[in-house]
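> Predicted coordinates and the sequence they were generated for:
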Amino acid sequence: MTDPGHASSFAGPMKIGVPRETASGEKRVALVPETAAKLVKRGLEVVVEPGAGAAATYADAEYEKAGAKTGDPWSADLVLKVQKPSAAEAGKLNEGSTLVSFLYPLINADLVRAIAGRKAGAISVDMIPRTTLAQSMDALSSQANLAGYKAVLIAAERLPRFFPMLMTAAGTITPARVLIFGAGVAGLQAIGTAKRLGAVVEATDVRPETKEQVESLGGKFLQVTGVEIKQGAGGYAAEQSDEYKKKQAELVSDRISKADVVITTALIPGRKAPVLVTAAQVKSMRPGGIIVDLAAEQGGNVEGTVAGQEVQVDGVTIVGHPNLPSTMAGAASQLYSRNLEKLLGHLLSKENAMKWDFADEITKGCVIVHRGEIVNAKVKEAMEKAGAKA
């Protein structure tokens, strides 16, 4: 189904709005001057809230030089954000306008309803299909790359020993041992970064097909055998059986006790993060050990993780930073901005009207609300199930 688009809800060219992020600790901005210039050249009007890019090192003057204007972004046809809007921000959406951001709509039903209630639209970048065609728009992957890299740097900075092997006149110091749970984008980046720093790296993942990727980066793959493995969809891992979890625990318990650093990256869309490391396994690590839990915001892969805090457990530090990409806001914003430019390039016609082609896989996957109607099948199903249980 194709819904005829419109060039703009207002007179003149379609307007793109970029608000300043208001979520605690968020330093990224949805559009950087480099990308704003490309959109302006395409014939779009770009309005950036004053100071929106400051925390990511992009000054208002740079946006103005790129052809953007500073002003009220909420009057735009398309409002581009990083974090999901607060209730107050959702209330600023105009009828007929469309919000583009990370929404995680499978677990934010009230927000989805609020946007629909404004007779506005919502495009959730975390729902973009992880396909070859959509690779350049995949904001989850671009940000996960940064998270995996930064997780290793955090661990290396906090670990009270060297990552690489060190040979000195006083003797040899053995390299640090790093164990990584999950060989998705974040996990693979963590493997590569830890190897470049000279660590001995092991990794485990529920998807056997990731073995080759782990080994290509110099890591050793730890694989559960003798039990059925459920296949996930869209590049994600699936929730595994209790039998699998038991086998995995047996496999990794010995490796955790020998690891200096553990990094966990496992997420399941619309679900609480699976617990992969128990309290007992944490205590089995040597004092001074570091755990970086990249699933902290979704409940954590590690028993004892507290989102936004560093917790000490018997001399082991568990880092639960909820937003590592924001700690590299300049680069993270640049990558996210490019993702959005590619997405808009796919969704807009040559005349800069939204195509709203729901036969298209990308549009069908990421458009959650259209003109006040919840149109995404997965989101509607999740909300119906939640309503039935209530």
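Cool, the structure landed. Residues are numbered from 1 along each chain as shown.

> can you list the weak-confidence ranges in the stretch 201-350 of the chain?
Scanning the stretch 201-350 of the chain for pLDDT under 70 picks out 226-241.

> Please repeat the previous calculation with a cut-off of 80.
Low-confidence regions of the stretch 201-350 of the chain, defined by pLDDT under 80, span residues 224-249, 269-270.

> Now do the same for Thr172: helix, strand or coil?
Using DSSP: H, G, I helix; E, B strand; the rest coil, the structure places Thr172 in strand.

> any idea how far Thr98 is from it?
Here the criterion is C-beta to C-beta, to the nearest Å. By it, Thr172 lies 60 Å from Thr98. Backbone N, C-alpha and C define where each C-beta goes, glycine included.

> so Phe221, which of the three states?
Counting by three-state DSSP, the backbone at Phe221 sits in strand.

> can you pull the contacts of it?
183, 202-205, 210-211, 214-215 (C-beta atoms under 8 Å, 6 or more residues apart in numbering).

> ranges for the helices of the chain?
Here the chain has its helices, by DSSP state H, at 33-42, 60-65, 87-90, 109-117, 139-158, 185-196, 211-216, 242-258, 279-284, 329-347, 361-366, 377-389.

> Isn't Lys119 up against His370?
No: if you go by C-beta atoms under 8 Å, Lys119 and His370 don't touch, sitting 10.3 Å apart.

> and Arg177, what does it touch?
With C-beta under 8 Å, 6+ apart, Arg177 has these contacts: 199-200, 202, 258-261.

> Return the per-residue confidence for the most centrally placed residue in the chain.
Centroid-nearest residue in the chain, with C-alpha atoms, centre = their mean: Leu140, separated by 4.0 Å. With respect to pLDDT, Leu140 has a value of 95.

> Same question for the one 5 residues further on.
According to the predicted model, the pLDDT of Asn145 comes to 97.

> ditto for the one 5 residues further on
With respect to pLDDT, Lys150 scores 98.

> Tell me which of Lys119 and His370 has more neighbours.
Counted by other C-beta atoms under 10 Å, Lys119 and His370 do not tie: His370 has more neighbours, with 20 against 15.

> In space, what's closest to the more buried one - neighbours in sequence excluded?
Nearest residue to His370 in three dimensions, chain neighbours excluded: Gly121, at 5.1 Å (C-beta to C-beta, 6 or more residues apart in numbering).

> Does the one you found touch Ile374 like I think?
No: assessed by C-beta under 8 Å, Gly121 is found out of contact with Ile374, at 10.3 Å.

> For these two, indicate the residue with more neighbours.
Neighbour tally, Gly121 and Ile374, criterion other C-beta under 10 Å: the higher count belongs to Gly121, 27 against 18.

> the more surrounded of Thr172 and Thr98?
More crowded of Thr172 and Thr98, by other C-beta under 10 Å: Thr98, with 24 against 9.

> does that one really touch Gly121, like I thought?
Yes: here Thr98 reaches Gly121: they are 3.6 Å apart, a contact under C-beta under 8 Å.

> returning to that earlier point: and the contacts of Phe221, which are buried?
Taking 16 or more other C-beta atoms under 10 Å as the criterion, what is buried in the contacts of Phe221 is 183, 202-205, 210-211, 214.

> of all those residues, which two lie farthest apart?
Using C-beta to C-beta, the buried ones among the contacts of Phe221 reach their maximum pairwise distance at Glu202 and Thr210, which is 13.1 Å.

> follow-up on the earlier one: roughly how far does the residue nearest to the centre of the chain sit from Gln223?
Leu140 is 25 Å from Gln223, by C-beta to C-beta.

> repeat for Arg161
On the measure of C-beta to C-beta, Arg161 and Gln223 end up 28 Å apart.

> Same question for Ile191.
Taken as C-beta to C-beta, the span from Ile191 to Gln223 is 15 Å.

> Looking at the two, which one has more neighbours?
Under the neighbour definition other C-beta under 10 Å, Ile191 and Gln223 were set side by side, and Ile191 has more, 30 against 16.
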